[in-house]
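K.L.:
Attaching a predicted model along with its sequence, questions to come.
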2 protein chains.
Amino acid sequence: MAPTKSAEAAAAPVTRMGAGERRELVLEAATRAFARTGFAGTSTDAVAREAGVSQPYVVRIFGTKLDLFLEVYRRAVGKIAAAFRAVLDDGQFDPDSEDDWTRLGNAYTDLLADRDFLLVMMHGFSAGSVPEIGAAARGCMSEIFTIVTSTGCSAEAARDFIAQGMLMNIMLAMGAAEHLDESPALAALTECAFGEAMAVVSPPR
Amino acid sequence: MAPTKSAEAAAAPVTRMGAGERRELVLEAATRAFARTGFAGTSTDAVAREAGVSQPYVVRIFGTKLDLFLEVYRRAVGKIAAAFRAVLDDGQFDPDSEDDWTRLGNAYTDLLADRDFLLVMMHGFSAGSVPEIGAAARGCMSEIFTIVTSTGCSAEAARDFIAQGMLMNIMLAMGAAEHLDESPALAALTECAFGEAMAVVSPPR
DNA sequence: CTAAGAAGGCATTGAATGATTACTTATATG
DNA sequence: CATATAAGTAATCATTCAATGCCTTCTTAG
């Protein structure tokens, strides 16, 4: 019954992991956990279990649950901002071109494959009553608005673009895609909000 | 030092309150509390303190924190839906009339005076991982979409209208109006998102 | 005036939670 | 091989939280 040392040396985590590597793993686990249940609704223990690590260890790495969330949050925002910049940096963007806006929108819907980033961003918005999170959320929104308006578009165009994104976040958070059958109205709005990206968001059936 | 009975009989709560009346008071307090810190982030004790009542009493009235939240949530959604219906029921709505859409938008921004309803709705969206709340949130979104499309407008028009509302909710939740000075970008987006309603949302300076 | 019922607080409790401390085990370096 | 250091856990603590039960106080009907 005692595990044979040699047999599982390869597969089992007998080997220690570098601190940086483990930290990364925990950050990813925390992203999934926070994406599901938000800041207040997620315990450090839930994060630890998701990462396959002991609870004290996750607080040792990050100091505080809030610190951990902020780091997860900044990562998510960074990913999202980077996705936008990737579209805008190469070539030039024409605010009057329907196609260019579609390209920018696709940069967002591509993130749906890893919805956790969008969900974390969303949870940051609604945890605005925690001062540090509120500040981070406002910074996030400012950054995105700045990026979008850097195309030279009007403030209204940027607002409309962002608003569509926020609607998608909300539909995701409420689990609309998983419950299309609940209500025809919900299904119609979901399809209309996600458009081409429905395939990514909705299970293949 | 002992309070004179006769003197404060009028002002002080020496008199008992009807259960229904008290229940109403607690519901309002709970609305404020949940609006601030959401479902997971609000303790029944916080609600009790806000209502000036003991913690066990609030759970006695509503059975469970979740039950309380759901009741608060349904009330908020009801208010919002009613505001829309009030605009649509009298006279007829022309989906091609810019003015009519403005009227409908104003119905929403009028609710900003009591931002608590919108914030509660918002928190319901992001607490979608709690099954009952998720279901209620999807019901809310379905209802609103149904109301808006009952004007005969296209699904896309309804989606755009709702998306603007969701953006406002998010800006509210992150405290954008209270921190306009933090970033010019945030200020620009806020003014652009709220338009005429800025006066309501932002302190009179 | 008294008894019954309703309104509401107080004390408590068991489970979670965030965080700390001390201990163990693996890795690398002399 | 020995030992310092890094990786990680087990045990524990103080709080906080939702929920239950019992008691007190007010009101009202007889």
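P.N.:
Sure thing, it's come through.

K.L.:
for the residue most central in space within chain A, phi and psi?
P.N.:
The residue lying closest to the centre of chain A (C-alpha atoms, centre = their mean) is residue A:117, at 0.7 Å. Listed backbone geometry of residue A:117 is phi -60, psi -40, with angles given as degrees, to the nearest 10.

K.L.:
does any part of the lengthiest helix in chain A sit near chain B?
P.N.:
Longest helix of chain A, by residue count under DSSP state H: helix A:65-89. No - using C-beta under 8 Å from any C-beta of the partner chain, helix A:65-89 stays clear of chain B, coming no nearer than 12.1 Å. Where C-beta positions appear, they are placed from N, C-alpha and C, glycine not excepted.

K.L.:
same for that helix, what does it pack against?
P.N.:
Helix A:65-89 sits against helix A:19-37, helix A:44-51, helix A:55-62, helix A:98-110, helix A:115-126, helix A:131-149, with contacts defined as 3 or more C-beta pairs under 8 Å, 6 or more residues apart in numbering or on different chains; DSSP states H and E.

K.L.:
Show me the contact partners of it.
P.N.:
Helix A:65-89 is contacted from outside by A:27, A:30-31, A:34, A:39, A:44, A:47, A:58-59, A:61-62, A:93, A:103-104, A:107-108, A:110-111, A:114, A:116-118, A:120-121, A:124, A:130, A:132-133, A:136-137, A:139-140, A:143-144, A:147-148, A:150-151, using C-beta atoms under 8 Å, 6 or more residues apart in numbering or on different chains.

K.L.:
buried stuff in that helix?
P.N.:
Residues A:65, A:68-73, A:75-77, A:79-80, A:83-84, A:87-88 are the ones in helix A:65-89 that count as buried (16 or more other C-beta atoms under 10 Å in any protein chain shown).

K.L.:
could you give me the average pLDDT of that helix?
P.N.:
The predicted model assigns helix A:65-89 a mean pLDDT of 97.

K.L.:
Between the helices and strands packed on helix A:65-89, which one is closest to residue B:178.
P.N.:
Closest approach to residue B:178 among the helices and strands packed on helix A:65-89 is made by helix A:131-149 (9.0 Å; C-beta to C-beta).

K.L.:
So, low pLDDT: which residues of chain A?
P.N.:
Scanning chain A for pLDDT under 70 picks out the ranges A:1-14, A:91, A:205.

K.L.:
Show me what from it comes close to DNA strand C.
P.N.:
For chain A, the residues in contact with DNA strand C (C-beta under 7 Å from any atom of the strand) are A:14-16, A:42-46, A:55-56, A:59-60, A:63-66.

K.L.:
In ChimeraX, how would I select just the buried ones from those?
P.N.:
In ChimeraX syntax, the buried subset of those is picked out as below (16+ other C-beta under 10 Å):
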select /A:42,44,46,59,65
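
K.L.:
Keep only the residues of chain A next to DNA strand C that also lie close to DNA strand D.
P.N.:
For DNA strand D, the contacts drawn from those by C-beta under 7 Å from any atom of the strand are A:16, A:55, A:56, A:60.

K.L.:
tell me the secondary structure for the first one?
P.N.:
State at residue A:16, reduced to three classes by DSSP: H, G, I helix; E, B strand; the rest coil: coil.

K.L.:
Can you give me every residue that contacts it?
P.N.:
Residue A:16 touches nothing, counting by C-beta under 8 Å, 6+ apart.

K.L.:
now do the second one
P.N.:
Under the criterion of C-beta under 8 Å, 6+ apart, the contact partners of residue A:55 comprise A:44, A:45, A:48.

K.L.:
at 10 Å instead, please
P.N.:
By C-beta atoms under 10 Å, 6 or more residues apart in numbering or on different chains, the contact set of residue A:55 is A:43, A:44, A:45, A:46, A:47, A:48, A:49.
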